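S.K.: got a predicted model here, sequence first, then my questions.
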Amino acid sequence: MKHDTPTVFVIDDDPLIRDGVRSLIGSVGLQVQTYESAGDFLRSTRPDAPACLVLDIRLPDLSGLDLQRDLRASHIHIPIIFITGFGDIPMTVEAMKAGAVEFLTKPFRGQDLLDAVQGAIARDRAARQERAEIGELRKCFDTLSPREQEVLRLVVTGLLNKQIAAELGISELTVKTHRAHIMEKMRAGSLAELVQITDRLRSLPQRE
Amino acid sequence: MITEMRKSGMDVIGDVAAWGAHFCLFYETKQDLLDALISYCKSGLENDEYCLWIVAEPVSMEEARDALKDAVPDLDRYVADCRVEMVPAGAFFLQDGKFDGKRVTDAMSAKLADVLGKGYAGVRVTGDTSWLTKKDWSHFCAVEEGINEVIGDQRLAILCTYPLAGCGAFEILDTVRTHQFVLARRNGSWVVLESAALKRAKAEIKRLNEELERRVVQRTSELMKASEALREAQAELARVARLTVTGELTASIAHELNQPLAGAVANSDACLAWLTSQPPDFGEARAAAERTVEAATRATDIVRRIRVLFKKAAPEKMRVNINEVIEETLALIRGEALRKNVSLETELGSQLPPVLGDRVQLQQVMLNLMINGIEAMRRVDEGARQLRIRSARHDPNQVLVSVADSGVGIDAQVIDRIFEPFYTTKPQGIGMGLAISRSIIEAHGGRLWPEPNTPHGASFQCTLPAEIQTVQ
């Protein structure tokens, strides 16, 4: 399931705030899904679309900070806007360090929340785009033979063909052939572009 | 000092000032003397006193007896009962024609001891001095003066009679000096002449009395002021203690209040957004407006509860549902409990009878006990912090509330001290919470005491008398 209508997830145990936030966000035409607890959210199926999470830091079972940690551990990338009754500094620092995009203290202005939501969705959209592109590059990379991958690693470190040949114990000509295949498979027009692509691939999270 | 008033039987002096009166009388005629002495003795007999009449010229023993018998018809019975004694002056004062003051005073003392031992109210003496000669005058004056020294604390009154004709100016002066006051016949009626010393003494007594009274009034007013100030200070202290407790709660109260405020702001912003959207969605706007009202109502309710808590009100006794008091208090500490990771458990008895009490004060006690419980668990593992509030019917006429924590418990060494004012185990505590709580509960006719909780922690139990309506 893939479409591009952004969705805002709201987790708050207070029905007045939950419904208020749902209504407020709905009024600007965004999809909203509300949850009473972090557990409900984790158990739900969520659309594969740009999204953000409006999260009360204090929740009955799993706290907002715990949920943030669990999502990170499961590589679920979703920008989080925290809302809290206490502007507790250590808590804020912890949340921001863990990648929260915004921290709003109750009572917050509606516009501030909408701005934060719009910002978070834009950010998620960009991140998703980035992840999609890198995914494509990864696919290209996966088409390389083991030897070609080896050559690629040495090429991007700036070694000359002659040096690579010596390193791998193969002829300079063979190196040249591998390079041509690599440029083609990785859809790189120049060495500079190839280096850039490799850099983006490195920024991919490690596979489990 | 004997201050009991005795009736003198003589109009002019009214009641003899008290036991211990030593006064004299100057007479001109036998009749005047008899009139005075008969009244004096009659009054003494009527008041259960022993009378000793020392008779001398010009009155004979027979005349004295007859005159007294005229006034006191059952005189014979008094004489038979040894209630009255009439002795001739010569026999009483003189021995072999000689006056010996010491013998006379000793005889008088012995008589007094003897008579008082028989249960009489006291002894009333009168003695005439017509037998007294110039030779013994100064010796006799010394005896009279000596009487003044000792008569003060005796159940004894002495009237000395002097013939005016036999007294020169010096004798009169001596007599006036040696007696507390003087009776004299002037223009046909008796008048009282006080000696200068007595006047001075009376004036001094009056002054001392006034001074004493003034001091008592002053001291009383000082005490009243002090006690009023003390009461005010205690009330203020109680209020400060309450504020301190509630001050500790400010953060959680702010949270309590911010919650509905956030709801109100979010919903009213949403309402405006739906109203201004193209096209406007009135259904959504209305729903948001309704939630705004609900949130604002919730905020108002919290403010009302806080105001009740901070109020400096006089105690007001009314029928109170203790479970409501507990619920109201729980609403205030819920945030604090959440913040300290304390789980709250309640087990409130159903159909509890109401108690008669001051709602605010009882809420203050509940607040104190709950906050203490939460505080007591600050050193306990987060998972094990549990505050359990129970209410139940204790016996037919009591309601029991217990607040039990799973904290560190109360050290056996301090358990006797925890209710003392200013005793605290908290770094920021002022140590008034439990002292005030106990005095509030006791003022309500209840009891507050600690018990160990199982497996660990402390449990504060309080009982309150139930207000049970009698079925007519």
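M.R.: That came through fine.

S.K.: helix/strand/coil for residue A:10?
M.R.: At residue A:10 the chain is in strand, as set by DSSP: H, G, I helix; E, B strand; the rest coil.

S.K.: and it, how many neighbours?
M.R.: 25 (other CB atoms under 10 Å in any protein chain shown). The C-beta positions use only the backbone N, C-alpha and C, and glycine is treated the same way.

S.K.: could you list the domains of the chain?
M.R.: Let's take chain A. A:7-129, A:143-202 (automatic domain parsing).

S.K.: right idea, wrong chain: chain B
M.R.: According to automatic domain parsing, the ranges for chain B are B:6-194, B:249-311, B:313-472.

S.K.: can I get those domains in TSV with mean neighbour count?
M.R.: Compiled in TSV, the domains of chain B are given as follows (neighbours: other CB atoms under 10 Å in any protein chain shown):
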stretch	mean neighbour count
domain B:6-194	17
domain B:249-311	18
domain B:313-472	17
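
S.K.: so which of the domains of chain A is nearest chain B?
M.R.: Closest approach to chain B among these is made by domain A:7-129 (2.6 Å; CB to the nearest CB).

S.K.: so which bits of chain A are right by chain B?
M.R.: Within chain A, the positions adjacent to chain B are A:14, A:16-17, A:19-21, A:23-24, A:26-28, A:58, A:83, A:85-86, A:105-111, A:113 by CB under 8 Å from any CB of the partner chain.

S.K.: which members of these occur in helices, if any?
M.R.: A:16-17, A:19-21, A:23-24, A:26, A:110-111, A:113 (DSSP state H).

S.K.: returning to that earlier point: include mean pLDDT when you put the domains of chain A into CSV, please.
M.R.: Output for these, formatted as CSV (pLDDT from 0 to 100):
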stretch, mean pLDDT
domain A:7-129, 88
domain A:143-202, 90
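
S.K.: for the ones you listed, which one ends up most surrounded?
M.R.: Mean neighbour count (mean count of other CB atoms under 10 Å in any protein chain shown) peaks for domain A:7-129 among these, with a mean of 18.

S.K.: got the residue ranges for the helices in chain A?
M.R.: A:15-26, A:38-43, A:64-73, A:89-97, A:110-142, A:146-155, A:161-168, A:172-185, A:191-202.

S.K.: again with the stretch 351-472 of chain B
M.R.: Using DSSP state H, counting those that start in this stretch, the helices of the stretch 351-472 of chain B run over residues B:359-376, B:433-443.

S.K.: and those helices: which comes nearest chain A?
M.R.: helix B:359-376 (16.5 Å).

S.K.: hmm, residue B:42 and residue B:72 touching each other?
M.R.: Yes: between residue B:72 and residue B:42 a contact is recorded at 5.4 Å, counting by CB atoms under 8 Å.

S.K.: in the stretch 201-350 of chain B, what residue comes closest to chain A?
M.R.: For the stretch 201-350 of chain B, CB to the nearest CB, closest residue to chain A: residue B:269, 2.6 Å.

S.K.: can you pull the pLDDT of that residue?
M.R.: pLDDT, the model's per-residue confidence, is 92 for residue B:269.

S.K.: what sits against the closest residue to it other than its chain neighbours?
M.R.: Nearest residue to residue B:269 in three dimensions, chain neighbours excluded: residue A:110, at 2.6 Å (CB to CB, 6 or more residues apart in numbering or on different chains). Applying CB atoms under 8 Å, 6 or more residues apart in numbering or on different chains to residue A:110 gives the contacts A:24, B:265-266, B:268-270, B:272-273.

S.K.: again, 7 Å this time
M.R.: Going by CB atoms under 7 Å, 6 or more residues apart in numbering or on different chains, residue A:110 touches A:24, B:265-266, B:269-270.

S.K.: distance to residue B:446 and secondary structure for those - can I get that in JSON lines?
M.R.: As requested, those are exported to JSON lines (distance: CB to CB, whole Å; DSSP: H, G, I helix; E, B strand; the rest coil):
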{"residue": "A:24", "distance to residue B:446": "50", "secondary structure": "helix"}
{"residue": "B:265", "distance to residue B:446": "44", "secondary structure": "helix"}
{"residue": "B:266", "distance to residue B:446": "45", "secondary structure": "helix"}
{"residue": "B:269", "distance to residue B:446": "49", "secondary structure": "helix"}
{"residue": "B:270", "distance to residue B:446": "50", "secondary structure": "helix"}
